[in-house]
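Participant: Have a look; sequence and predicted model below, questions after that.
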Amino acid sequence: MNRRRFLTASLMSTTLALSDARPKHAGSPRAGGSFAVLEPFAPGAITPEGWVRGWLTKQAQHLGIALPSVCQPFQTAYWAGDERPDPEGGGWWPWEQKAYWIDGSLRCGLVLGDRKLLAAAAAPVEYTLSHAASGGYLGPAAIADPGMDFCRWPHTVFFRALAAYADARGDTGAVHAVCKHYLSDTTDYGSLHRNATNIEAMIWAYQHCGDDRLLALAEKTWAVHLRHAGEDDQGDMRPSRVFGHAPIHSHGVTFIEIAKLPAILYIATGKQEYLEFALAQQRRIFDRYMLVDGIPSTSEYYASTTSRDVHETCDIADHTWSWSYLLRATGDGIWADRIERACFNAGFGAVRKDWRGIQYLSCPNQMIATPDSSHIPNSGGGSMAYQPNPGGHVACCAGNAHRIFPNYAIHMWMRTADGLAATLYGPSRLRTTMGNQALEIVQTTGYPFDDRIEFTVRPAAGLRFALSLRIPRWSDAPRIFLNDRAAPLPEPKNGFTTVTRTWAPGDKLTLVLPMAVSMTRWPEGGVAIEHGPLVYSLGIRENWTSRPIPGCSSAEFPSWSASAATPWNYGLAIEESKLRSQTRFERKPPADDPWVDPPVELVAPVREIAGWKLAFDPNNPERKFSPPLPTCGHAKYPAPLVPPRDFNPGNTEPVAVTVAHFTEMATLVPLGSTHLRVTILPDVSRVHRS
């Protein structure tokens, strides 16, 4: 697969398609209407099964329920009556960070039907709704001042949880409370940094209650924001640069949270200029900043794409969330492709597989992960360790990690204008109604480790509707079977193939998505191996040690140090033209958790690179961190020609490297199943053998 084709061409085709023909929208029973092509279901309509349920259950039973007992700010009753500011001067931060956990854990509780987790996460929502100020303001008095910088950003995060809770319960009272909050508020939503992100909740309330004043406030907020964007590094939405491919000078979370807003306004208004603006901003990301694991380089600002470039875990949650709005607005499956790639690789790669720790920063190549191993100086040494709160005082990622996978489950199915769309794949069960008739569809699959996905359709009686299945851009030869007999594949449009028929109870539609192995090229002579939606890594067996660190962890949920227990200093010795003949897949029966024990591995030829070792801090040689790629075939091991911004370059003395003469076979595993890994490997296929 050509990396540039995947990252940019599909996005361009989306823009052209929208220019050529207006897509049908799904319609909406909501009072404010909708121009979305796809409409999500309320949390709880989709029941995860198989590995999806197992993973979410693990999240719920470990950090999901335990984080409020481990560290601040999760231990304090923010959004539930406690008005004390962060003792370290965090300002609005504690309310943002706690709200991330509330949203993620509430959604996790809803999709699992986990009453214990749901009760814990819903309590702050119920408290806030029952303690509205006399004027209608919802939330803590400590950040009520309408002139306070970022004073309403925590509300954006918290109102997502409130919206999910209200949608799942059909709670119109919550809708009217949010309407009153916004219509009575005098806050400057347009010019104060992330305050503009409240457009998201304004439009949610507008679509439920139909009050045109909310839509007017949202559009005014966006217009004011554009007049101020670009005056600092928080938004970088200067209209004069939108339709070029200009670099982004912005914090990753801030940019993506704001860049989704015109897509939301398009969904509410149908104004094409909003959608074109949103797509143009996404092009800026995909042109320059994408890492192999599906999330852009954001450390914490958008940065370069070497093997050591990183992203915040917040960026995994927030980019995938924002792309779900692009999926709704355009109806193009490319956005679901991106969500899957990011979740299966970056998402799983940033979380300990027992859900007892997460990383603040993670990257394609990480050969060590300890409380002092980060090579990103502005983040603190512990930001790449697996901890309950790897950011210490800055605890955003500790809460935000809980949003990634519940949102994946919630978006696995969506409504279309004439039926249903399977948007994100994995074992699940959808229960809904169509034409006043109950309908259940069961999705049975080992995807993404298997290419076969079965849909068993169970209406109460014969029911005619369109069933759309996403065809990922990486799949060149998809096939379908109806009741186990080969059937013609309807021509895919916008990344979906659609089968329209009268479905009988028990009908089975099977989709087969053959996955081809491919190689992509990266800076500094690096290469990576991909197979369908999965990226493969040289997995490194870990030596784990643990200890509690005040503010980050506890005795029950400690901070983890992972060092390599197996060699990792190898280069990939594959000639690209012989990729398929020089590699082979080995399969085994699926385990209970395929992300712990993956059922598929890739065996590939490699050569050892002597001299490629961990980097160290010249001012503290005991402090080690992951090194850049070596320059193979030369006598030197230099730092990159253009050092990535904010990197600790490590030891700067050239190191001699030698590529082994003989080739050996190594096992590569899905990136998402690793904690330590080498994903971008040196290309030694053309290196002169010593």
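Facilitator: Everything's here; your move. Numbering: from 1, shown residues only.
Participant: How about residue 485: which residues does it bridge to?
Facilitator: Taking DSSP bridges as the rule, residue 485 bridges to residue 482.
Participant: Next, find the distance separating it from residue 277.
Facilitator: Distance, residue 485 to residue 277, by Cβ to Cβ, to the nearest Å: 46 Å. The way it works is simple: take the backbone N, C-alpha and C, and place the C-beta from them, glycine included.
Participant: Which of the two has more residues huddled nearby?
Facilitator: residue 277 (22 against 7; other Cβ atoms under 10 Å).
Participant: The more buried one contacts residue 261, correct?
Facilitator: No. Assessed by Cβ atoms under 8 Å, residue 277 is found out of contact with residue 261, at 9.2 Å.
Participant: outside of the lengthiest strand in the chain, which residues touch it?
Facilitator: For the chain, the strand reaching the highest residue count under DSSP state E is reported as strand 600-610. Contacts of strand 600-610 from elsewhere in the structure, counted by Cβ atoms under 8 Å, 6 or more residues apart in numbering, are 449, 517, 529, 531, 536, 538, 567, 569-574, 582-588, 630, 632, 657-670, 681-682, 684, 687.
Participant: Could you do stretch 446-454 as well?
Facilitator: Counting by Cβ under 8 Å, 6+ apart, 50, 340, 344, 422, 425-426, 443-445, 469, 508-515, 532-534, 590, 594, 598-600, 670 sit against stretch 446-454.
Participant: Find me the pLDDT at residue 242, would you?
Facilitator: Here the pLDDT value assigned to residue 242 is 48.
Participant: go on, the one 3 residues further on?
Facilitator: Residue 245 carries a pLDDT score of 70 in this model.
Participant: Next up, the contacts around it.
Facilitator: Taking Cβ under 8 Å, 6+ apart, we find residue 245 in contact with 283-284, 287-288.
Participant: just the buried members of those?
Facilitator: 283-284, 287-288 (16 or more other Cβ atoms under 10 Å).
Participant: Adding secondary structure, write those residues out as a markdown table.
Facilitator: Shown next, in a markdown table, are the buried ones among the contacts of residue 245 (DSSP: H, G, I helix; E, B strand; the rest coil):
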| residue | secondary structure |
| --- | --- |
| 283 | helix |
| 284 | helix |
| 287 | helix |
| 288 | helix |
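Participant: Closest one of those to residue 364?
Facilitator: Taking Cβ to Cβ as the measure, residue 364 lies nearest residue 288 of the buried ones among the contacts of residue 245, at 16.5 Å.
Participant: List phi and psi for the residue lying closest to that closest one once chain neighbours are set aside.
Facilitator: Nearest non-adjacent residue to residue 288, counting by Cβ to Cβ, 6 or more residues apart in numbering: residue 247, 6.2 Å away. Taking degrees, to the nearest 10, you get phi -60, psi 160 for the backbone angles of residue 247.
Participant: I'd guessed residue 247 sits against residue 296; true?
Facilitator: No. Using Cβ under 8 Å, residue 247 is not in contact with residue 296; the gap is 12.0 Å.
Participant: who has more neighbours, the two?
Facilitator: Applying other Cβ under 10 Å to residue 247 and residue 296 shows that residue 296 carries more neighbours, namely 24 against 13.
Participant: averaged over its residues, what pLDDT does stretch 306-324 have?
Facilitator: The pLDDT scores in stretch 306-324 average 97.
Participant: Could you do stretch 38-47 as well?
Facilitator: 98.
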